[in-house]
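> coords please:
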Amino acid sequence: EFLGSFGNTQGITPNLDSLAKKGLLFTNLYASGTRTVRGLEALSLCIPPTPGQSIVKRPNNKNLFTLGNVFRSKGYNSRFIYGGYGYFDNMNEFFSQDGYEVTDRNALNKKDIHYENTWGVADEDLFTLSLTKLDQDYNIGKPFFAHIMTVSNHRPYTYPEGRIDIPSHTGREGAVKYTDYAIGKFINDAKLKPWFKNTLFVIVADHCASSAGKVELPVDKYHIPMIIYSPAYIKPGKFDKLVAQIDIGPSILGLLNFNYQSKFFGQDVFKMKDEQQRAFISTYQSLGYIKNNKLVILDPNKKVATSIPNFKTGNAKPVPSENWLTEEAIANYQTAAYLYTKNGYQFK
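Model (predicted):
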């Protein structure tokens, strides 16, 4: 809702809008949930959400089939780099035992921090730390995969003064513009690195700014942007097919031509057929399945509702359920939950 690429006229994302024109912009991508941990689950495990807590915060979540483990099996250094304290939302424990080397704000010296608040250090400091880690990998001849998570776009929306033309602490627009500034600086700094040409940059949201709506699962509140940027390898353009957040990992691996045996529920969207397009959205209890411009919602006690959603407003018109679509939704969610609870989603 803040990107000029999607019609916002406030001009608060100049760097992202520039990257959207130079890279591949995904226009029809949907987040798994409404909180960061659900986004982390989707990006690392590439599995549909299960009712209740994200797997990131659950017990028995060690050595799972993650994107980090796949990269590690191919000789990469897999990293999770976060500007806050990684004990929040169990991130340190989850990522460190699932194939990632974790770096959080504890790795920064006070002299290297330009600004910090309760959420973490300023995004520019996080990116400086990230560049240092990636340089270390490159210098020892290791290819790298890094999942970098920013924090500035949270209340109280504070950031270093003098970076942008909106004063700190005045609202979300300022935080958005500051994060945009930090991403632009990161990309420009990365361009000076010897590893830049052979690196794929994937910029994606974890969830929307707000998830409240008039209906149970307002689809417009799950619509998120993604840009894949790599001037040497990715032609500028738009990708308009329906994509789920859990598809991002397998699609990246596809772009890298990795050959691996997959347990992921996500699919490589560059190879999928039109009839394979679908997306998963959820709250703590409700599970949504988007396919063929319809939304199936599965609720506790075996309640099922089908509607035709308006993808711009989020409103939905109830329609009779179709057995095949309901069964497909149930099969995806039930199988994902079964594999996780029965230790079938382990990384062997």
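> surely Asn106 is in a strand?
No - checked against DSSP: H, G, I helix; E, B strand; the rest coil, Asn106 lies outside a strand; its state is helix.
> quick one: contacts for the nearest residue to it once chain neighbours are set aside?
Sequence neighbours aside, Tyr85 is the residue nearest to Asn106 in space, at 7.1 Å (criterion: Cβ to Cβ, 6 or more residues apart in numbering). Heads up, the C-betas are built off the backbone N, CA and C, glycines and all. By Cβ atoms under 8 Å, 6 or more residues apart in numbering, Tyr85 lies in contact with 104-106, 120.
> mind giving me the ChimeraX command for buried ones among those residues?
The buried residues among these can be selected in ChimeraX (16 or more other Cβ atoms under 10 Å) with this line:
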select :104,105,120
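> isn't there a helix covering the residue nearest to Asn106?
No - if the criterion is three-state DSSP, then Tyr85 is coil and not within a helix.
> gap between it and Ala107?
Applying Cβ to Cβ, to the nearest Å, the value for Tyr85 to Ala107 is 11 Å.
> residue nearest the middle of this protein, spatially speaking?
Centroid-nearest residue in the chain: Asp206, 4.2 Å away (criterion: Cα atoms, centre = their mean).
> on the three-state scheme, Asn259 is what?
Asn259 carries the three-state label coil when classified by three-state DSSP.
> for the residue nearest to the centre of the chain, which non-adjacent residue is closest in space?
Gly39 (2.9 Å).
> list the residues that contact the one you found.
Contacts here follow Cβ under 8 Å, 6+ apart; on that basis Gly39 touches 31-33, 205-207, 245.
> turn these into CSV, columns for secondary structure and distance to Leu24.
Formatted as CSV, the contacts of Gly39 follow (DSSP: H, G, I helix; E, B strand; the rest coil; distance: Cβ to Cβ, whole Å):
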residue, secondary structure, distance to Leu24
Ala31, coil, 18
Ser32, coil, 21
Gly33, coil, 24
Ala205, coil, 16
Asp206, coil, 20
His207, coil, 21
Gln245, helix, 16
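> if we can go back for a sec, show the contacting residues for the residue nearest to the centre of the chain.
By Cβ under 8 Å, 6+ apart, Asp206 lies in contact with 31, 35-36, 38-40, 43, 149, 224.
> tell me the pLDDT of it.
Looking at Asp206, its pLDDT is 89.
> assumed Asp89 was part of a strand.
No - read with three-state DSSP, Asp89 is helix and lies in no strand.
> residues near it, how many?
Neighbour count of Asp89, defined by other Cβ atoms under 10 Å: 18.
> burial measure for Arg79, as a count.
Neighbours of Arg79 under the rule other Cβ under 10 Å: 21.
> same thing with Val243?
Using other Cβ under 10 Å, Val243 has 24 neighbouring residues.
> also the one 3 residues further on?
Ile246 sits with 26 neighbouring residues when counted by other Cβ under 10 Å.
> equivalent analysis for the one 5 residues further on, please.
A count of nearby residues for Ser251, using other Cβ under 10 Å, gives 23.
> shouldn't Thr158 be in contact with Glu116?
No - at 9.2 Å, Thr158 does not count as touching Glu116 under the criterion of Cβ atoms under 8 Å.
> out of these two, which sits in the busier spot?
Comparing Thr158 with Glu116 by other Cβ under 10 Å, the one with more neighbours is Thr158, at 21 against 18.
> OK, contacts around that one?
By Cβ under 8 Å, 6+ apart, the neighbours of Thr158 are 115, 117, 152, 168-169, 175.
> now do Ala20
Counting by Cβ under 8 Å, 6+ apart, Ala20 makes contact with 3, 5, 225, 227.
> just curious, which of the residues you listed is nearest to Asp135?
Ile227 (23.3 Å; Cβ to Cβ).
> at which residues are the strands of this protein located?
For the chain, strands defined by DSSP state E occupy the ranges 24-30, 77-82, 101-103, 144-149, 201-204, 223-229, 237-239, 243-244, 279-282, 287-291, 294-299, 303-309, 316-319.
> which residue ranges form the helices in the stretch 151-300 of the chain?
Assigned by DSSP state H, counting those that start in this stretch, the helices in the stretch 151-300 of the chain fall at 172-190, 248-255.
> the ones you listed: lowest mean pLDDT?
helix 172-190 (a mean of 96).
> using PDB, write out every CA atom in that one.
Listed in PDB are the C-alpha atoms of helix 172-190, where the atom choice follows Å, rounded to 0.1, in the frame of the first residue of the first chain:
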ATOM      1  CA  ARG A 172       4.500   4.900   9.600                       C
ATOM      2  CA  GLU A 173       5.200   6.900   6.400                       C
ATOM      3  CA  GLY A 174       8.500   8.100   7.800                       C
ATOM      4  CA  ALA A 175       9.500   4.600   8.900                       C
ATOM      5  CA  VAL A 176       8.600   3.300   5.400                       C
ATOM      6  CA  LYS A 177      10.700   6.000   3.700                       C
ATOM      7  CA  TYR A 178      13.600   5.400   6.100                       C
ATOM      8  CA  THR A 179      13.600   1.700   5.400                       C
ATOM      9  CA  ASP A 180      13.400   2.500   1.600                       C
ATOM     10  CA  TYR A 181      16.500   4.800   2.100                       C
ATOM     11  CA  ALA A 182      18.400   2.000   3.900                       C
ATOM     12  CA  ILE A 183      17.600  -0.600   1.200                       C
ATOM     13  CA  GLY A 184      18.700   1.800  -1.500                       C
ATOM     14  CA  LYS A 185      22.000   2.500   0.400                       C
ATOM     15  CA  PHE A 186      22.500  -1.300   0.900                       C
ATOM     16  CA  ILE A 187      22.100  -2.000  -2.800                       C
ATOM     17  CA  ASN A 188      24.400   0.900  -3.800                       C
ATOM     18  CA  ASP A 189      27.000  -0.300  -1.300                       C
ATOM     19  CA  ALA A 190      26.700  -3.900  -2.500                       C
END
